[in-house]
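Q: Dropping a prediction and its sequence here:
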Amino acid sequence: MIKAGKIRLFSLDRRQILAILLSCLATALSLKIPLLLKQVIDHGKMLSRTSSLGQIGFCLLISSLLEAGSQYLLSLAGDERIRDLRLLLQEKLLRLPWNYYKENSRGSLLSHVLNDSSVVKDFTVSVLPSALVSLLTVAASLGILLSLDVKMTLVIVLTFALIASSAFPLGKINEHFAYQNQAKLSRVSADLDENLANIKLIKLTNAQAGVLQKFRGDLQDLFALSRKTDAVFSVTGPLQTVLTLAGFLLILLYGSQRLANGSLSLGMLSSFIMYMFSIISPINNLGNFYMSYAEAQGSLKAISDILAQADEADPGQELPKDASYLKVRALTFAYPGSQDPVLRDLSLDFKKGAKTALVGPSGAGKTTLINLLTRLEAGYQGQILLGDLEAKSCRLPAWRDLFSVVAQDNNIFAGTVADNLLFGLEKSVSRSDMIKALQVANLWPELDLDTRTGEGGWKLSLGQSQRLQLARAYLRDAPCLILDEATANLDPESEAKVSQAVDRIAREKIVIIIAHRLSTIANADKIYFLDQGQVQAAGRHEELLKQLPKYRAYVEDQLRPLESR
Ligand SMILES: Nc1ncnc2c1ncn2[C@@H]1O[C@H](COP(=O)(O)OP(=O)(O)OP(=O)(O)O)[C@@H](O)[C@H]1O
């Protein structure tokens, strides 16, 4: 299992080392073949010829088997490596603060988890082992060649030095392209994700043409880059072939001259040519190594950047058993990078068995307050207290267990109604418990446990999706229920069903409602009227109507028909 901070490009596990050893053995056997061939050619005796041919066959067979074993082990190591890397990234992504997701697009994160991990895996389990084996192959071949004939060996080294020097500048160009390619691929992935996530908006605003144009632009950028890479590759291949052939001819010319003056046997020349061919591919591997290394370094950097991010703070203090009183004292908060606080010096009390409504115009800071209470946002001044315990000092999962949130935005995911009910629950829940939850939320028998909800709850009506969230909240049974009322108007029947469900689930709980509907506001035990990040007044609806003209104006504004606002 890979650990964060332990991802290195130059690290080999035991399985990879074994695979490299097998591959080296296979190479050693195959390097013996040209020598055996030399014997077959140079020694006329049939007996020696047959036994050498037999040995060649044996070497071929065993080296193929060893190579197959090595490949299997490396593939297995690769499969494990990519599984572990992706898991590590997903674990990390689940622990990062919520703010991180506001700054980084989902598409590029997807690209890091899927593509970059694959590049890193390829390097560590394929490129690196094969470069090591190549290096050993080249060194061993040159050793054998030197022992056979120094001058011929020097001609071969000279030839390959020539080939390598031509490949190096092309490798440098490719390295530059590899970096750009990763960045552009991540942008394409980000755009694609955004387009799919906003498909409804795209359709309703007829934005297909604009969206397609932007996406085409991204693809065109990627295409332009691929074209350059293709151009370099199309030169690299033939150039290497021509240079290799030229080298081959040089060796053949020099060899035939030596053959003519009797200083080299035909068998020796044949084995030299065979050795030359056997080191072409390892030398190419070594030539491409730097480019793959540069690409893998880019991917590793993207992965390491994610892994180096600080997790959500989780100090570790357990919660008191009595979770009946939530207090906010002198709370001030500004979003990161902003000097202007969106909440200023707020003090509020939320009690068990009471419905507290947060009311106020758009942008007043209601959602921000909820995000601070649930610790999605951090970095506030002042205090958020459960009893006498400060939120910041509590274990984060335990703190989040305090809340069930019924949100306006899409908190339903693709699956069945039952999948959605059970989401995040660790306790075992029977089918009859789930049906009870649907009944409490006024959803039974309207929806069945096996009804499919569609991506983001698209197959459900707004009222159904709210009631399904309420049913989930019922099963979760957290001490504090937070309701962000949908601004979209529900029809009176749905609204009545939702309010009945809330009343059933909210008994004996701290209930906090971001309230938009007059019926909810009027029904609340206490209302905090927020404006510009401050509590303007607190009390029951009738009291606030009398006390605060601004509140009265707000309520009248809420009641006025939309077209006259
Ligand atoms: N991530 C963010 N970064 C910077 N500013 C933000 C961020 N999220 C919200 N804000 C700002 O904080 C202020 C309060 O926003 P908030 O969403 O809490 O208001 P609200 O009362 O819930 O509004 P609404 O009723 O429209 O949902 C707004 O001015 C908003 O622009």
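A: Received the coordinates, thanks. Numbering: from 1, shown residues only.

Q: going forward, measure contacts and count neighbours with C-alpha atoms only.
A: Noted.

Q: ranges for the helices of the stretch 451-565 of the chain?
A: 462-476, 492-506, 518-523, 541-547, 549-559 (DSSP state H, counting those that start in this stretch).

Q: For the ligand, which of the ones you listed is the nearest?
A: Nearest of the helices of the stretch 451-565 of the chain to the ligand, taken as CA to the nearest ligand atom: helix 549-559 at 12.1 Å.

Q: Excluding its own residues, what touches that closest one? List them.
A: 360, 361, 516, 517, 518, 529, 544, 545, 546, 565 (CA atoms under 8 Å, 6 or more residues apart in numbering).

Q: Please work out how many residues are found near the third one.
A: Just to be clear, that refers to residue 516. 21 (other CA atoms under 10 Å).

Q: thinking it is in contact with residue 359, fair?
A: Yes. Shown here, residue 516 and residue 359 form a contact pair, counting by CA atoms under 8 Å, at 7.0 Å.

Q: so how far is residue 377 from the residue nearest to residue 341 when sequence neighbours are not counted?
A: Closest residue to residue 341 apart from its sequence neighbours, by CA to CA, 6 or more residues apart in numbering: residue 334 at 3.9 Å. Using CA to CA, to the nearest Å, residue 334 is found at 10 Å from residue 377.

Q: between the contacts of helix 549-559, which has the most around it?
A: residue 360 (26 neighbours).

Q: which residues does that residue contact?
A: Counting by CA under 8 Å, 6+ apart, residue 360 has contacts 366, 529, 530, 531, 554.

Q: these two touch, right, the third one and residue 362?
A: So that's residue 530. No. Using CA under 8 Å, residue 530 is not in contact with residue 362, being 9.8 Å away.

Q: Strands of the stretch 251-400 of the chain, residue ranges please.
A: 325-333, 343-351, 355-359, 381-386, 389-390 (DSSP state E, counting those that start in this stretch).

Q: could these go into CSV alongside mean neighbour count and distance to residue 16?
A: Shown next, in CSV, are the strands of the stretch 251-400 of the chain (neighbours: other CA atoms under 10 Å; distance: least, CA to CA, whole Å):
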stretch, mean neighbour count, distance to residue 16
strand 325-333, 19, 52
strand 343-351, 18, 56
strand 355-359, 27, 60
strand 381-386, 19, 52
strand 389-390, 16, 50
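
Q: got those as CSV, with distance to the ligand and mean pLDDT columns?
A: Converted to CSV, these look like this (distance: least, CA to the nearest ligand atom, whole Å; pLDDT from 0 to 100):
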stretch, distance to the ligand, mean pLDDT
strand 325-333, 10, 94
strand 343-351, 8, 95
strand 355-359, 8, 93
strand 381-386, 16, 94
strand 389-390, 22, 88
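
Q: Of all these, which one comes closest to residue 407?
A: Closest to residue 407 of the strands of the stretch 251-400 of the chain is strand 355-359 (CA to CA; 14.2 Å).

Q: residues in contact with that closest one?
A: Contacts to strand 355-359, defined as CA under 8 Å, 6+ apart, come from residues 350, 366, 510-516, 520-521, 524-530.

Q: if you set the cut-off to 6 Å instead, what comes out?
A: 511, 512, 513, 514, 515, 524, 525, 526, 527, 528, 529 (CA atoms under 6 Å, 6 or more residues apart in numbering).

Q: For residue 36, what are phi and psi?
A: phi -60, psi -40 (degrees, to the nearest 10).

Q: For the ligand, see how far away it is.
A: The gap separating residue 36 from the ligand is 73 Å, by CA to the nearest ligand atom, to the nearest Å.

Q: Just the terminal-to-terminal distance for stretch 315-333.
A: 20 Å.

Q: Would you mind listing what in the stretch 201-350 of the chain touches the ligand?
A: Within reach of the ligand by CA under 6 Å from any ligand atom, the stretch 201-350 of the chain has these residues: 335, 342.

Q: Which secondary structure element of this protein has the lowest mean pLDDT?
A: Sorted by mean pLDDT, DSSP states H and E, the helices and strands of the chain end with helix 492-506, the least confident at a mean of 77.

Q: Can I get it in CSV, CA atoms only?
A: In CSV, the C-alpha atoms belonging to helix 492-506 read as follows (Å, rounded to 0.1, in the frame of the first residue of the first chain):
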residue,chain,number,x,y,z
PRO,A,492,-49.8,24.2,-1.3
GLU,A,493,-50.2,20.5,-1.1
SER,A,494,-46.5,19.7,-1.3
GLU,A,495,-45.7,22.5,1.1
ALA,A,496,-48.2,21.1,3.6
LYS,A,497,-46.7,17.7,3.3
VAL,A,498,-43.1,19.0,3.8
SER,A,499,-44.1,21.0,6.8
GLN,A,500,-45.9,18.1,8.4
ALA,A,501,-42.8,16.0,7.8
VAL,A,502,-40.6,18.6,9.4
ASP,A,503,-42.9,18.8,12.4
ARG,A,504,-42.7,15.0,12.9
ILE,A,505,-38.9,14.8,12.5
ALA,A,506,-38.1,18.0,14.4
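
Q: neighbouring contacts of it?
A: For helix 492-506, the surrounding residues in contact (CA under 6 Å, 6+ apart) are 440, 441, 463, 474.

Q: Name the nearest of the contacts of strand 355-359 relative to residue 102.
A: Closest to residue 102, out of all of those and judged by CA to CA, is residue 514, at 22.4 Å.

Q: Surely that closest one touches residue 484?
A: Yes. Between residue 514 and residue 484 a contact is recorded at 4.9 Å, counting by CA atoms under 6 Å.

Q: low-scoring stretches of the stretch 151-300 of the chain, by residue?
A: In the predicted model of the stretch 151-300 of the chain, residues 167-168, 171 satisfy pLDDT under 70.

Q: Pick out the residue of it closest to the ligand.
A: Closest to the ligand within the stretch 151-300 of the chain is residue 194: 18.1 Å, counting by CA to the nearest ligand atom.

Q: sorry, back to before: pLDDT and distance to residue 252 added to the contacts of helix 549-559, as TSV?
A: Converted to TSV, these look like this (pLDDT from 0 to 100; distance: CA to CA, whole Å):
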residue	pLDDT	distance to residue 252
360	91	89
361	89	88
516	80	89
517	79	92
518	80	95
529	94	93
544	91	101
545	91	103
546	91	106
565	49	92
